[in-house]
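>>> Can you look at this prediction? I've put the sequence above it.
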Amino acid sequence: MGDANQQIRAAESAARVPDVVVITGMSGSGRTQALHVFEDMGYFCIDNLLPRLLLQLAELVGINTGVGRHLAVTCDLRSQGLFDELSDSVTQLREHEISAKVVFLDTSDEVLIRRYDENRRRHPLAAAGESVASAISRERFQMEAVRNTADLVIDTSHLRTKDLRARLRRAFSELTDQQLMEVSVFSFGFKHGMPVEADLMIDVRFLPNPFYDPEMRTLTGNDTLVRDFVLGNPITEKFLDAWYHLLDVAMPGYVAEGKSHLSIAVGCTGGQHRSVAIAGATAAYLERGGYHVSLSHRDLALANVRTS
């Protein structure tokens, strides 16, 4: 039943995700940040595209070839002519059986004025000597028709970046939040140096060491004999219960923060036995939890390993 429900949710998600997403809105409302979110979701992304090029670009990157790829673009539509172009281009896409949705990012005048003041930027519509408030008012009038016909309007006035990311992911991703975060699990040996890229690091040098058993000294944590020795130890079993509980608490927090990549390092003395086995167990546990996980062993090539 659980697998059937997952398949239904996946089908519903795939059905609602369009082939092409056009991001537009008020200047300073977060269009570039939104495009980065789509990039993290695996969309082919182009910034500031002329609407008339939408169909050509979609065909160029193979959106209509059935490969499952999606396209996201930002369009600056502050002139009526470009708005008309967008309407025609979206119609063209649909005539070619390419689905499209328009996302409009809006922000209050007060927040926009503050943002331009804090960033010390000139509003792109402001004429010489014109105030930011006047330029914003004129832009809002020009963008009214776009806003009224958009498929999704998001007010970013008080929306944190992680909240904007969550809104867009819920609306336009075929993957779960867990699957959207790339998790890299790797083993390492402390004697070869500390990893600088790790978000989470666990030291497993307290576990019984297979190195001192001549039969296992030249094996690795990938070998059954060593893996069973490490994982079957009562100390390891108690540790893994606590380690998995920590991950159960920490991982959803990283997902909620919108983190796109998480690196987990597992270290022992040489990076050959204990860390390799525990890193493998960690990766398997996270995969069972629905995370997209890659597993590697940084220092295994440096180990004294038996060759057959």
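Yep, it's here.
>>> ok, which stretches of the stretch 51-200 of the chain are strands?
Ranges of strands in the stretch 51-200 of the chain, per DSSP state E, counting those that start in this stretch, are 71-74, 100-106, 152-155, 182-189, 200-203.
>>> helices or strands next to the fourth one in the packing?
Spelled out, that is strand 182-189. The elements that strand 182-189 packs onto, with contact taken as 3 or more Cβ pairs under 8 Å, 6 or more residues apart in numbering; DSSP states H and E, are strand 261-268, helix 274-288, strand 292-297. In short, each C-beta sits where N, CA and C put it, glycine included.
>>> Please identify which of the ones you listed is closest to residue 201.
strand 261-268 (4.4 Å; Cβ to Cβ).
>>> circling back: just put the helices and strands packed on strand 182-189 in a markdown table and tack on mean pLDDT.
A markdown table is the format used below for the helices and strands packed on strand 182-189 (pLDDT from 0 to 100):
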| stretch | mean pLDDT |
| --- | --- |
| strand 261-268 | 96 |
| helix 274-288 | 97 |
| strand 292-297 | 94 |
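>>> burial of residue 300, as a residue count?
When neighbours are counted by other Cβ atoms under 10 Å, residue 300 registers 20.
>>> circling back: would you convert the strands of the stretch 51-200 of the chain into TSV that also reports distance to residue 120, mean pLDDT and mean neighbour count?
Output for the strands of the stretch 51-200 of the chain, formatted as TSV (distance: least, Cβ to Cβ, whole Å; pLDDT from 0 to 100; neighbours: other Cβ atoms under 10 Å):
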stretch	distance to residue 120	mean pLDDT	mean neighbour count
strand 71-74	23	94	24
strand 100-106	22	95	22
strand 152-155	24	95	16
strand 182-189	35	95	24
strand 200-203	38	97	16
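>>> any chance of the helices and strands packed on strand 182-189 in JSON lines, plus distance to residue 98 and mean neighbour count?
Shown next, in JSON lines, are the helices and strands packed on strand 182-189 (distance: least, Cβ to Cβ, whole Å; neighbours: other Cβ atoms under 10 Å):
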{"stretch": "strand 261-268", "distance to residue 98": "30", "mean neighbour count": "22"}
{"stretch": "helix 274-288", "distance to residue 98": "34", "mean neighbour count": "22"}
{"stretch": "strand 292-297", "distance to residue 98": "27", "mean neighbour count": "16"}
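>>> on that earlier part again, of the strands of the stretch 51-200 of the chain, give the one that comes closest to residue 269.
Here strand 182-189 is closest among these (Cβ to Cβ), at 6.1 Å.
>>> With just CA atoms, put the closest one into PDB.
Output in PDB follows, covering the C-alpha atoms of strand 182-189 (Å, rounded to 0.1, in the frame of the first residue of the first chain):
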ATOM      1  CA  GLU A 182      22.100  15.900  -2.300                       C
ATOM      2  CA  VAL A 183      23.600  14.000   0.600                       C
ATOM      3  CA  SER A 184      27.300  13.000   0.300                       C
ATOM      4  CA  VAL A 185      28.500  10.500   2.800                       C
ATOM      5  CA  PHE A 186      32.200   9.700   2.900                       C
ATOM      6  CA  SER A 187      34.800   7.900   5.100                       C
ATOM      7  CA  PHE A 188      38.200   9.300   5.800                       C
ATOM      8  CA  GLY A 189      41.300   8.700   8.000                       C
END
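>>> what lines up beside it in the sheet?
strand 261-268 (parallel), strand 292-297 (parallel) (DSSP bridges).
>>> Looking at those strands, which is nearest to residue 215?
Here strand 261-268 is closest among the strands paired with strand 182-189 (Cβ to Cβ), at 18.3 Å.
>>> Would you list the phi and psi of the residue with the largest distance to the centre of the chain?
Taking Cα atoms, centre = their mean, the residue of the chain most remote from its mean C-alpha position is residue 214, at 44.9 Å. Note on residue 214: backbone dihedrals following degrees, to the nearest 10 are phi -50, psi -30.
>>> Can you lay out the strands paired with strand 182-189 as CSV showing distance to residue 141?
Converted to CSV, these look like this (distance: least, Cβ to Cβ, whole Å):
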stretch, distance to residue 141
strand 261-268, 41
strand 292-297, 45
